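S.K.: Structure for this input, please:
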Amino acid sequence: MITMKKHRKCLLALGMTLTTMGGLGFAADGVQTTSYIVNADKFQLPYAGNEAAFNHKINPGYGSALALKSINKDGTIEFYAITDRGPNGDIPTYVKNGKKMSGKFFPTPDFTPSIGIIKVDPAKDRADIIKSIPLKVNGKAISGKPVPSGLTGSTNEVALDFNMNNLGTDVNGLDTEGISLDKDGNFWISDEYGPFVAKVDKKGNIIEKYGPGMGLPTILANRVPNRGSEGVTVDENGHVFAFIQSPMNIDGKTAKTAKYIRIVELDPTTKATTMYAYPVDTGYKNTGAAKIGDITSIGNGQFLMIEQGKQNGKMQNLIYKVDLNGATAIPNNGDLELGLLDGQIVPAKKELVLDLRAQGWDIEKAEGLALMPDRKTIVVVNDNDFGMDINVADKAVADAEVDDYTYDADKQVMIYDEDKAPHDVTISLKQNAPAEQQSQIWFFTLPNAL
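M.R.: Numbers count the residues shown, from 1 in each chain. From the prediction side, this is the model:
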């Protein structure tokens with residue numbers, strides 16, 4: 001049996017200190033794992049609601065993406081992480097002017113998507129958020145509310161409070177999902193609305209923004225709403241790579257049938273773009289169930305990427321090595337998704353590196369990914385959905401769920417779908433599943449370097 005002291009000496013010889021953490025585990029295949037709850041008490045979100053479980057504050061969620069910041073002389077490690085658009089939850093079927101609209105509840109509508117710094121201290125066996133950098137345009141904080149209808153990036157969603165009031169939109173709204181760093185120390189972030197890719201300075205100011213028809217290929221506007229760019233990374237040449245989260249929906253036909261997810265490469269200097277095809281796994285009920293979690297460049301046209309979703313009836317969180325060397329450039333049209341390029345292209349190559357669930361990961365959303373300098377240790381964070389879910393109270397219905405109802409915005413009544421009658425309903429927050437409530441950061445050290 002290897003002792004922690006001996007294990008530490010071996011790692012120090014390799015120039016690594018990070019896996020001397022408490023709680024180190026050894027899997028049968030030689031993968032070493034450890035994990036931390038990320039303490040973010042100082043960055044709790046103010047919340048006006050009276051639900052006792054929240055006590056006027058909501059857990060932050062710095063887990064939508066991850067990038068290594070530094071390995072410090074004292075053995076601590078710092079990462080940049082990013083939130084998504086903020087606390088939100090599903091709404092009832094929403095009908096206005098006779099038309100159904102999609103939307104979300106926003107319990108903290110003034111929330112600003114932000115970049116946080118996670119500091120991991122192995123000696124103290126803890127991880128903490130130590131700083132938060134709100135995103136801004138021209139010095140003004142943005143929100144996570146939807147982009148207005150008719151503009152690039154609009155999802156045609158309605159943002160609501162719990163009294164079913166429309167909270168409006170934000171022309172600069174972002175649902176941030178990816179983060180990376182360039183050689184000048186600027187952040188590159190990606191977003192699910194547009195999909196957008198943006199360059200951000202060290203103070204959180206958005207200084208460049210790209211979207212479909214705005215520096216990115218126009219075809220990307222066909223992303224399924226809220227499944228825009230889930231991950232972004234910058235390679236050693238300074239090129240920016242963004243992945244769409246799921247197969248795109250061409251002419252309303254391909255969201256569940258397309259075999260590939262798009263990868264877009266942007267050269268920030270020349271503004272040239274190239275697209276590639278990533279083949280999704282074949283075990284899903286339909287390919288629309290496939291979701292990318294995050295990506296990180298490992299150099300020479302290769303990347304690590306999280307692919308996740310239910311395969312063969314079981315939730316999977318898988319890390320693949322993706323290789324674009326030799327992959328075919330894809331045209332700026334829908335031929336890929338419509339199957340018209342089958343047999344005519346070379347897609348990206350993929351190789352399974354790590355099955356997170358086989359290593360003890362039991363969380364639904366693995367959404368942040370980084371590789372340590374040893375090229376053996378993979379770091380993953382989860383999206384905790386701000387520790388919240390939507391609660392529906394209806395005295396006439398036991399175990400009511402939000403999708404049991406339709407809200408008629410013109411008549412301002414809540415209809416219970418089963419009896420088609422108006423019901424007196426109270427909507428509020430509840431905590432999500434215990435395993436999902438906290439942000440966690442996990443380290444997986446492979447037997448061999450990538």
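
S.K.: Spit out the contact partners of Ser246.
M.R.: Residues in contact with Ser246, defined by Cβ atoms under 8 Å, 6 or more residues apart in numbering, are Arg223, Val224, Arg227, Ala255, Ile261, Thr287, Gly288, Ala290, Lys291, Ile292. In this view, the C-beta of every residue, glycine as well, is placed from N, C-alpha and C.

S.K.: Can you flag the buried ones in these?
M.R.: Using 16 or more other Cβ atoms under 10 Å as the burial test, these include Arg223, Val224, Arg227, Ala255, Ile261, Thr287, Gly288, Ala290, Lys291, Ile292 as buried.

S.K.: So which of these is the closest to Asp342?
M.R.: Closest approach to Asp342 among the buried ones among the contacts of Ser246 (Cβ to Cβ): Thr287, at 13.5 Å.

S.K.: Give me the pLDDT value at that closest one.
M.R.: We have a pLDDT of 98 for Thr287.

S.K.: how much space between it and Val280?
M.R.: 5 Å (Cβ to Cβ, to the nearest Å).

S.K.: list residues touching both of the two?
M.R.: Pro247, Lys259.

S.K.: and of the buried ones among the contacts of Ser246, the nearest to Trp188?
M.R.: Using Cβ to Cβ, the buried ones among the contacts of Ser246 come closest to Trp188 at Ile292, 16.3 Å.

S.K.: Give the full set of residues in contact with that closest one.
M.R.: If you count contacts by Cβ under 8 Å, 6+ apart, then Ile292 has Glu230, Gly231, Phe243, Ile244, Gln245, Ser246, Ile261, Met305, Ile306, Glu307, Gln308 around it.

S.K.: And it, what's its pLDDT?
M.R.: With respect to pLDDT, Ile292 scores 97.

S.K.: in the helix or strand encompassing it, what counts as buried?
M.R.: Element membership of Ile292, judged by DSSP states H and E, is strand 291-299. Of the residues in strand 291-299, Lys291, Ile292, Gly293, Asp294, Ile295, Thr296, Ser297, Ile298 count as buried by neighbour count, 16+ other Cβ under 10 Å.

S.K.: next one: stretch 258-277
M.R.: Applying 16+ other Cβ under 10 Å to stretch 258-277 flags 258-266, 268, 273-277 as buried.

S.K.: Identify the farthest-apart pair in these.
M.R.: Largest separation among the buried residues of stretch 258-277 by Cβ to Cβ: Lys259 and Pro268, giving 29.9 Å.

S.K.: my read: Thr169 touches Val147, true?
M.R.: Yes. At 6.3 Å, Thr169 and Val147 qualify as touching, with contact defined as Cβ atoms under 8 Å.

S.K.: the more surrounded of these two?
M.R.: More crowded of Thr169 and Val147, by other Cβ atoms under 10 Å: Val147, with 24 against 18.

S.K.: how about the strand holding Ile292 as CSV, C-alpha atoms only?
M.R.: As requested, the backbone C-alpha atoms of strand 291-299 are provided in CSV (Å, rounded to 0.1, in the frame of the first residue of the first chain):
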residue,chain,number,x,y,z
LYS,A,291,-24.3,17.6,-24.9
ILE,A,292,-20.8,19.0,-24.8
GLY,A,293,-19.6,20.0,-21.4
ASP,A,294,-16.3,21.9,-21.9
ILE,A,295,-13.2,21.7,-24.0
THR,A,296,-9.5,22.5,-23.5
SER,A,297,-6.6,22.6,-26.0
ILE,A,298,-3.8,20.2,-25.3
GLY,A,299,-1.8,21.3,-28.4
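
S.K.: Which elements pack onto whichever helix or strand comes after it?
M.R.: As assigned by DSSP H and E, the chain's next helix or strand after strand 291-299 is strand 302-311. Helices and strands touching strand 302-311, as assessed by 3 or more Cβ pairs under 8 Å, 6 or more residues apart in numbering; DSSP states H and E, comprise strand 229-234, strand 291-299, strand 314-323, strand 366-371.

S.K.: Mind jotting down where the strands sit in the stretch 151-300 of the chain?
M.R.: For the stretch 151-300 of the chain, the strands defined by DSSP state E, counting those that start in this stretch cover 157-160, 176-181, 187-191, 197-200, 206-212, 215-216, 229-234, 240-244, 260-266, 273-279, 291-299.

S.K.: Would you mind giving these as a markdown table with distance to Gly86 added?
M.R.: What follows is the strands of the stretch 151-300 of the chain, written out as a markdown table (distance: least, Cβ to Cβ, whole Å):
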| stretch | distance to Gly86 |
| --- | --- |
| strand 157-160 | 10 |
| strand 176-181 | 10 |
| strand 187-191 | 13 |
| strand 197-200 | 17 |
| strand 206-212 | 17 |
| strand 215-216 | 24 |
| strand 229-234 | 17 |
| strand 240-244 | 21 |
| strand 260-266 | 26 |
| strand 273-279 | 29 |
| strand 291-299 | 19 |
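
S.K.: Could you work out which of those strands reaches nearest to Glu337?
M.R.: strand 260-266 (7.1 Å).

S.K.: What strands line up against that closest one, and which way round?
M.R.: Its sheet considered, strand 260-266 pairs with strand 240-244 (antiparallel), strand 273-279 (antiparallel) by DSSP bridges.

S.K.: Any chance of a markdown table for the helices and strands packed on strand 302-311, columns distance to Asn97?
M.R.: As requested, these are arranged in a markdown table below (distance: least, Cβ to Cβ, whole Å):
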| stretch | distance to Asn97 |
| --- | --- |
| strand 229-234 | 32 |
| strand 291-299 | 32 |
| strand 314-323 | 39 |
| strand 366-371 | 36 |
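
S.K.: can you pull out the helices in the protein?
M.R.: 4-13 (DSSP state H).

S.K.: Could you check how far the spatially closest residue to Gly139 that is not a sequence neighbour is from Asn172?
M.R.: In space, and not counting its chain neighbours, Gly139 is closest to Asn205: 7.2 Å by Cβ to Cβ, 6 or more residues apart in numbering. For Asn205, the distance to Asn172 equals 12 Å [Cβ to Cβ].

S.K.: for Ile363, same thing?
M.R.: From Ile363 to Asn172 the distance is 31 Å (Cβ to Cβ).

S.K.: shared neighbours, Asn205 and Asn172?
M.R.: Counting by Cβ under 8 Å, 6+ apart, the residues touching both Asn205 and Asn172 are Val137.

S.K.: so where's the protein uncertain?
M.R.: Low-confidence segments of the chain (pLDDT under 70): 1-28.

S.K.: try 50
M.R.: Counting by pLDDT under 50, the chain has low-confidence residues at 1-26.

S.K.: now Leu181, which residues is it bridged with?
M.R.: Bridge pairing for Leu181 - DSSP bridges - gives Phe187.
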